[in-house]
Structures are given as C-alpha cells and as structure tokens.
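In: Need a 3D model of the sequence below.
(chains A and B)
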Protein chains: 2
Amino acid sequence: MISVEAARARILAGLVPVAAESVALSAAHGRVLAAPVLARLSAPPANVSAMDGYAVRAAEARAGADLRVTGEAPAGRPFTGVVGPGEAVRIFTGSVVPPGADAVLIQENATAAGGRVRVNEAVAAGRYIRRAGQDFQAGEEVLAAGRRLSVRDIGLAAAAGYPWLSVRRRPRLAILCTGDEIALPGEPLPPGGIANANGAMLAAFIAARGGEPLLLPAIPDEAAAVAQAVEAARGADMLVITGGASVGAHDVVQEGLGRRGFSLAFWKIAMRPGKPLIFGRAGEMPVLGLPGNPVSAYVCARLFLEGALAALSGSPPAPPRVETAILGAALKANDEREDYLRAGLAWDGQGWVATPLPLQDSAMLRGLAGAGALIRRAPRAAAAAPGDRVEILRLDER
Amino acid sequence: MISVEAARARILAGLVPVAAESVALSAAHGRVLAAPVLARLSAPPANVSAMDGYAVRAAEARAGADLRVTGEAPAGRPFTGVVGPGEAVRIFTGSVVPPGADAVLIQENATAAGGRVRVNEAVAAGRYIRRAGQDFQAGEEVLAAGRRLSVRDIGLAAAAGYPWLSVRRRPRLAILCTGDEIALPGEPLPPGGIANANGAMLAAFIAARGGEPLLLPAIPDEAAAVAQAVEAARGADMLVITGGASVGAHDVVQEGLGRRGFSLAFWKIAMRPGKPLIFGRAGEMPVLGLPGNPVSAYVCARLFLEGALAALSGSPPAPPRVETAILGAALKANDEREDYLRAGLAWDGQGWVATPLPLQDSAMLRGLAGAGALIRRAPRAAAAAPGDRVEILRLDER
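Out: Numbers count the residues shown, from 1 in each chain, chains lettered A, B, ... in the order given. Reported below is the predicted structural model:
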C-alpha cells in the first residue's frame, strides 16, 4: 500500500497537457488559458472621471470660486477643447478628463446656474480622476497561462480587448463501468443487480471540471470485454474504469488491461474509502481504475481524478484544498489508512462544525449526497473529541 | 436609499419559478429539481456483502469452525440455494447474501482449502452485511424539489433508478449593456471608449448559475434605443441592463424604460460599490438595472442577480453565504452605506485572513479578478484593526 500523496504524485508525474484551441470569450468560462493574456489596451485608456461633476483646474477650484462652463463631455464623447483658466467642463462617470483639467469637482459640491458653476468645496489635484492605465497598462500580463477562467476573469479579458482566448481543449475522458451486477439507471435490474451510479456521476464530475466525458457502455466482469473497451477508448486522454480492481477472484480488470499491454504503476492505496486503485498506461493512454462503490469512487475522484483533469488541462494540479473545522462528535483513533469520513457541515456563527455521519458505509450515496465535507484523518491519528480541530475537504455542487 | 436586504427582498418577492422540463440524467448537473426524486428501488435492493469472504451462519462461525463451501455468489449472480448448517458460500463485495446466512466471514479471517473454509475469527450476526434499503427504501424521497443537483446528487438519482429528471428549464435572461463609450471586446474603441466587460461577464455569470443568457447588442445612451431593446427582450424571464442608472443628465435608461410602461420599484441602494440600482417591471418582464462599472456590476450581481436566478429556477434564494475571516489590515469606520471591499484571502493554517486591496476603485476589474473575497462592512461599522473578525463573501470561479 502506498500513501495518498505518493499515489497522487505518481499519477500526475506522467500527465501532459492537451493541445490548445481558440474559443470565443463567451465560451471560455471555466476553461484553462493556454497562453497568458497581455492587455491589448490600457484601462482606463485615458484619464477619466470617477464621478459626475465638472472637470476643473485644481489650483483655481477653491471654495467660493465661480467658473465658466465651456462645454460638456459625456462618457464616450470627449470634449475637444482645453479647460482654460477660469473654466470648467461638465463631465460624467467614465468621461475623458479634457486637457487643462486636473481634478473633478463632484456635482454634490457644486452649484450650477446660467452657464457657470460655483465651487462649494475645494478640490485637490487628481481628485476623482481614474488615471490612464490605473487598472492595467497595454502589454501587461493580466491573466497567466494555466489559469482556470472565472466569471471575473472573463470580464477582465473583455476589458483587455479579447474577443477570443487561447485555452486548452477539453480533455476527453472515457468512462468504463464494470460489473455483472450493474444496469443503466431506469433499466430493469438483473438478479442481484443495482443501478449504475458511477457512470452518470463521473460524467458530471468530469464535465464540471472542464473535461469531456465519453461514457462507454457498461460491461460485465469479463477480461475480454475489458480488453475490447480499452480499444474503444483509444484516442481518449485518459480512461477511467470503475469496479473490478479489488482482490476477489472476479476482478478481471487487470487481466483485461493486461491483454492490451497495460503497465501497472500501483494498485493499493492506504486510504479509506477506496483502497483498491489502479493506475498505469495502456499503450500511451493513462488508465485510472477507481473502486466500484460509488462513495469510494467519488472520494477517489476528488483525490486523484480532479488533479489529473487539472494536469491534462494545463492547470497546476494543486492538492485538494484542506481547511480545518471544529469536530462535532467524538472519533476513535485511526488505523494505518488515511480516512475520509462523510460529515455534515454547519456554520455556528464563528466557524464551521463538521460532524461525521453515524454510518460511513462506502456504498451509501445518500449520505454522501447530503454531506457537506469529508473529514480527513491521517494514518494512526489519535482519538479526537468534540471541539477538536479536524481537517476537512468541502463538498460542493461539483 | 434602501438597504441591501430590503432591496433583495423586494426583488425576490415578485419572481415566479419558470416551467419544468425533462432532461436526461447526464444533462441534469447544476439544474434545479422541479419535483422530488422518490427512489424507484431500494439500495441496496437486497442484503448484500460489504466485503469479499464467505456467507455464513453466525451462530456456527466460531473461531476454529470448519465449514463446507457449497457454492459461490459473485456480485450480480446470486447463489440460488440456501446456506444450511455447517455450510458457507463464497461471496464478494456487492453479492447478495444467500438465504440461511446472516453474516459474512471476511477472507482475511478465513483459510480455504479443498472445498472447505476454516473460521479464524468468530463473526457476529449481521457483520459485513449491507442491509436491504440501508441507504434508501423504494418510495422514499431522496432528493427534494428545489434542490440544485450536485455531482453527488446525480449519482444518487442514478442509484435510485432515474434516467430522466424533471428540472426547471433554464431561466432566459436578456442582457443589455448601455453606453456611448462601450465597444465589443476586440473592436476598435470609439474616442473616449472602453471595451465592454459587462456583457461577457454577466453572460458567464448567468450561465454558471444555470441560466441561459441572451446578450443583446450594446446600445448608445439614447432612450429610444433602450425602448427598442426592451421590445427585443420580450419573452425573456428577466432583462438585465448595465449602465445609465445613475443621476447624470445622460442617464436615459429610466426614460427609455418609461416608454415601455416601466413601473419602478426602487433605484438607489445604500451600498458601495453600486448605489444606482434599478428594479421594476416592463409589462410582465422583471427588469434589473445594474451599475455600469464592472466591479459594481459584479458585486450587485452577486447580491441581487444570483438570488433572482435562484428564485426563477425554483430554488430557495438564500442570501449570499457570509462567513467570517481574520482581518489582515486596518479599516476606517464605515459611512452609512454597506460596503463590499475587494480583498485577498489566504489560509494561515488555522483560519482565513482577508486583506483589503489598497485601491478599491469600482472600475478596476483586475483587482476584482485577483481577489479571493469581498469583506462586508455594515453601515456605520466602527474602525477595525488587523486580527479583528470581519464578514466575508468568498469569490470563486463563478
């Protein structure tokens, strides 16, 4: 058995980012930049007003001063003249500050009448002006290669003048669910059968992380069927298999993979749920074998598949984000396997309280679906009492 | 000026969920259930083994007992006989426990040879058996109407036997960006112009929350153009407008809306960034007017549009989740407006530290894109020192 960390490192070591493609900005949310975004323009492009008011010369704009309004400059229609001595120009949020002016008198501090404006409160030079390039300068890197684009990043790339972005194409991940007992959801169950939760769940998991899932038809526990499915998956950036990776006599995945020249990297990890895990390559194609129990499959997907998807997408594969929370119920000492307990998560006004579910069975999807976090326990962790700090991984919509 | 809370309540009060549609399970991630999911089968459907081993009669399975192995039951191929006295059946994870047996002797505690198995450690009744219906019973509600489906929920719905789900259709939100100064990203800028960040950003924002954005062509600051665009948006579940909602002479959105029988609910909120906000209806269609500055637009979208999208989707519109963090830099006392400061967010090993960015200009998208949280400050909040607890809203990929 190897540690979770060692397993993750070995999975990630051999993964190479997929190629880039150009996508419209509107389709780029959640995608990973293949090249840095260098601003094509400065923001703001010129000195602009941050408020509605009057462009003035600060040296003159003392309280009580009376200025002649020589024109106006709505946003997008700059004033073409110069603000000379004794003059002011009506200006609005986002308007270019005309030459000659060096401050904005906000309208709340001004009294306008008959083509003139009176200064009710003195203005300092530079006040209420957004300097050209204050947010970014043309040519500056505003977004780095490898960044997964947030909604805010989309806004930033737009502001930097980009209608298209160069992003990694979506990694294509084939999903193969194995087991004599599994049936497609909604199909009649075979004797002793269950509805296959892993296929749809992993497809959603992969799509939610920017991948393109290819759900292969589920197959029975037969090495020949496994070998055939590996052929069907050729061209995928990774093959994800569920089930059949354990030590039972009916575990045929490894045998089937073996027929396709599979080189095994490892297959047992010191963790719970999810000890049986396969990683290796069938020819060039990386193959990740997850446990068949859906809770184990999900937890292993969080720990290993998420990072693999990031690496294939050209995004730095950080380990799952671990935070701490207050333990809500006692925990016994842990054995030699790293443990991931499904837990409720509640905000008590000051911090998050994580309370392990009473039943931790790795086939119980309902508990997993209702959980808010996984409590992570190190191998050989000592017993813990309510109120102790524990490490958690949050469970979210993804 | 009304409070953020009052504004949110008034926006949400009049919103009605859109109609339902049937979608394939594989397309249901992130969608909102229109009807509860009642399990179509029990999970597990029968008593099944949680481990590889032997189905035994616990009363006989004392240490040292020697049992006759009368058959095997791979997962999905149940043993058709009964486990009689002195007998055991080879069994695997997920196999149905045959009649007569009431416990599983795990193979780690067994020695098998010549058609017999020796018990090395006594087994208690019920041990390593997943009872039928332990996760859920047929007919039970496993997912409630109004729930936004997570990846784990997709797995649960699959396990409950659902190939299709009844979800709310995606609310269609038209986006209208106004301003003489804005140009589509990548297009030549007009004099004094800027690239329009709001359109692409809000489209991504809406899509990331399960909505269907319809990005209308941007329009100049002309009431007639606004009135025309409102017509173009008819049939949308909401119209979102950016810009033109302020108090300047060139704010024509309200005038244009007025020509389409707009009834205004309110238009000023005691918050920063984002004071000028419009909400009302043009005929039946709800209209939300966001500030034109992209940072203000994003913050107001988080506070008001997110809830509106939830309400339109039939999901209970909870207020944005507020947590607390440790303040990383001093803050002055706040004025009468609720403040949302862009802040860096860093985990210091024990908790999150939120440090406000030095420049809080509401046109600075780069700062927003790089921020990890918004620090929320109540109106009239007292000055705060580093180390104090502050309220935050996390900023994530969405």
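In: Quick check: most distant residue from the centroid of chain A.
Out: A:Gly114 (56.3 Å; C-alpha atoms, centre = their mean).
In: tell me the pLDDT at the closest residue to A:Ala208 other than its chain neighbours?
Out: Nearest residue to A:Ala208 in three dimensions, chain neighbours excluded: A:Arg398, at 4.3 Å (C-beta to C-beta, 6 or more residues apart in numbering or on different chains). Where C-beta positions appear, they are placed from N, C-alpha and C, glycine not excepted. The model reports A:Arg398 with a pLDDT of 88.
In: Pretty sure A:Arg398 sits in a helix.
Out: No: under the criterion used here (DSSP: H, G, I helix; E, B strand; the rest coil), A:Arg398 is coil, not part of a helix.
In: Neighbours of it, how many?
Out: By other C-beta atoms under 10 Å in any protein chain shown, 16 other residues sit near A:Arg398.
In: For A:Leu25, see how far away it is.
Out: 23 Å (C-beta to C-beta, to the nearest Å).
In: so A:Arg57 touches A:Ala101, yeah?
Out: Yes: taking C-beta atoms under 8 Å as the definition, A:Arg57 is a contact partner of A:Ala101 at 6.1 Å.
In: Burial check on whichever residue of the stretch 201-350 of chain A sits closest to chain B, number of neighbours?
Out: Closest contact between the stretch 201-350 of chain A and chain B, by C-beta to the nearest C-beta, is at A:Met201 (3.2 Å). By other C-beta under 10 Å, the residues close to A:Met201 number 31.
In: ok, and the closest non-adjacent residue to it?
Out: Closest to A:Met201 by C-beta to C-beta, 6+ apart is B:Gly155, at 3.2 Å.
In: if I look at A:Arg57 and A:Ala101, which residues touch both of them?
Out: Both A:Arg57 and A:Ala101 are contacted by A:Val83, under the criterion C-beta atoms under 8 Å, 6 or more residues apart in numbering or on different chains.
In: which SS state does the closest residue to A:Gly289 other than its chain neighbours fall under?
Out: Once flanking residues are discounted, A:Gly289 sits nearest to A:Ile278: 2.9 Å by C-beta to C-beta, 6+ apart. Three-state call for A:Ile278 (three-state DSSP): strand.
In: so what's A:Ile278 up against?
Out: By C-beta under 8 Å, 6+ apart, the neighbours of A:Ile278 are A:241, A:245, A:253-254, A:257, A:264, A:266-267, A:287-289.
In: what about stretch A:314-330 and chain B, touching?
Out: Yes: applying C-beta under 8 Å from any C-beta of the partner chain, one finds stretch A:314-330 in contact with chain B at A:323-324.
In: Quick check: the gap between the spatially most central residue of chain A and B:Ile392.
Out: The centroid of chain A falls nearest to A:Arg148 when counting by C-alpha atoms, centre = their mean (6.1 Å). Look at A:Arg148 and B:Ile392: by C-beta to C-beta, they are 21 Å apart.
In: And for A:Leu290?
Out: A:Leu290 is 35 Å from B:Ile392, by C-beta to C-beta.
In: got it, and A:Phe79?
Out: Taking C-beta to C-beta, one finds A:Phe79 at 42 Å from B:Ile392.
In: Equivalent analysis for A:Val151, please.
Out: Counting by C-beta to C-beta, the gap from A:Val151 to B:Ile392 is 18 Å.
In: So which of the two has more stuff around it?
Out: A:Val151 (27 against 24).
In: how close does that one sit to B:Ala27?
Out: A:Val151 is 22 Å from B:Ala27, by C-beta to C-beta.
In: Could you do A:Ser42 as well?
Out: 42 Å.
In: more crowded one of those two?
Out: A:Ser42 (20 against 16).
In: In the stretch 101-250 of chain A, where is pLDDT below threshold?
Out: For the stretch 101-250 of chain A, the stretches flagged by pLDDT under 70 are A:245-250.
In: that older thread, checking the residue nearest to A:Met201 next. Helix, strand or coil?
Out: helix.
In: So it is in contact with A:Val299, correct?
Out: No: here B:Gly155 lies out of contact with A:Val299, judged by C-beta under 8 Å, at a distance of 11.8 Å.
In: between those two, who's got more neighbours?
Out: A count of neighbours by other C-beta under 10 Å puts B:Gly155 above the other of B:Gly155 and A:Val299, at 29 against 25.
In: list the contacts for that one?
Out: Counting by C-beta under 8 Å, 6+ apart, B:Gly155 has contacts A:197-198, A:200-201, A:294, A:298, A:365, A:368-369.
In: which of these has the most neighbours?
Out: A:Asn198 leads the contacts of B:Gly155 on contacts (other C-beta under 10 Å) with 33 neighbours.
In: Identify the residues contacting that residue.
Out: A:175, A:177, A:182, A:242-243, A:290, A:292, A:294, A:297, B:155.
In: just checking, which of these belong to strands?
Out: Taking DSSP state E, the ones among the contacts of A:Asn198 that sit in strands are A:175, A:177, A:182, A:242, A:290.
In: out of these, which is most surrounded?
Out: Neighbour max across the ones in strands among the contacts of A:Asn198 (other C-beta under 10 Å) = A:Thr242, 30 neighbours.
In: Now that residue. Nearest residue, chain neighbours left out?
Out: A:Asn198 (4.4 Å).
In: The one you found and A:Gly243: what is the separation?
Out: Taking C-beta to C-beta, one finds A:Asn198 at 8 Å from A:Gly243.
In: Overlap in contacts, these two.
Out: A:177, A:182, A:292.
In: Let me know whether A:Ile2 touches A:Trp267 as I believe.
Out: No: contact criterion C-beta under 8 Å: A:Ile2 and A:Trp267 do not qualify, at 9.5 Å.
In: between the two, who's got more neighbours?
Out: A count of neighbours by other C-beta under 10 Å puts A:Trp267 above the other of A:Ile2 and A:Trp267, at 20 against 17.
In: ok, and the more buried one, which helix or strand is that part of?
Out: strand A:262-268 (DSSP states H and E).
In: Go ahead and confirm A:Leu257 touches A:Ala224.
Out: No: using C-beta under 8 Å, A:Leu257 is not in contact with A:Ala224; the gap is 11.9 Å.
In: out of these two, which sits in the more crowded spot?
Out: A:Leu257 (27 against 13).
In: Work out for me the element the more buried one sits within.
Out: helix A:253-258.
In: any idea of the mean pLDDT in that helix?
Out: Mean predicted confidence for helix A:253-258 is 86.
In: Please enumerate residues in contact with that helix?
Out: A:178, A:222-227, A:229-230, A:241, A:243-245, A:262, A:264, A:267, A:278, A:280, A:282, A:287, A:289.
In: ok, 7 Å please
Out: A:178, A:223-227, A:230, A:241, A:244-245, A:278, A:282, A:287, A:289 (C-beta atoms under 7 Å, 6 or more residues apart in numbering or on different chains).
In: among those, which are in helices?
Out: A:223-227, A:230 (DSSP state H).
In: Pull out the buried members of these.
Out: A:223, A:225-227, A:230 (16 or more other C-beta atoms under 10 Å in any protein chain shown).
In: can you list those in JSON lines and add distance to B:Gly133?
Out: Formatted as JSON lines, those follow (distance: C-beta to C-beta, whole Å):
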{"residue": "A:Ala223", "distance to B:Gly133": "34"}
{"residue": "A:Ala225", "distance to B:Gly133": "31"}
{"residue": "A:Val226", "distance to B:Gly133": "32"}
{"residue": "A:Ala227", "distance to B:Gly133": "37"}
{"residue": "A:Val230", "distance to B:Gly133": "36"}
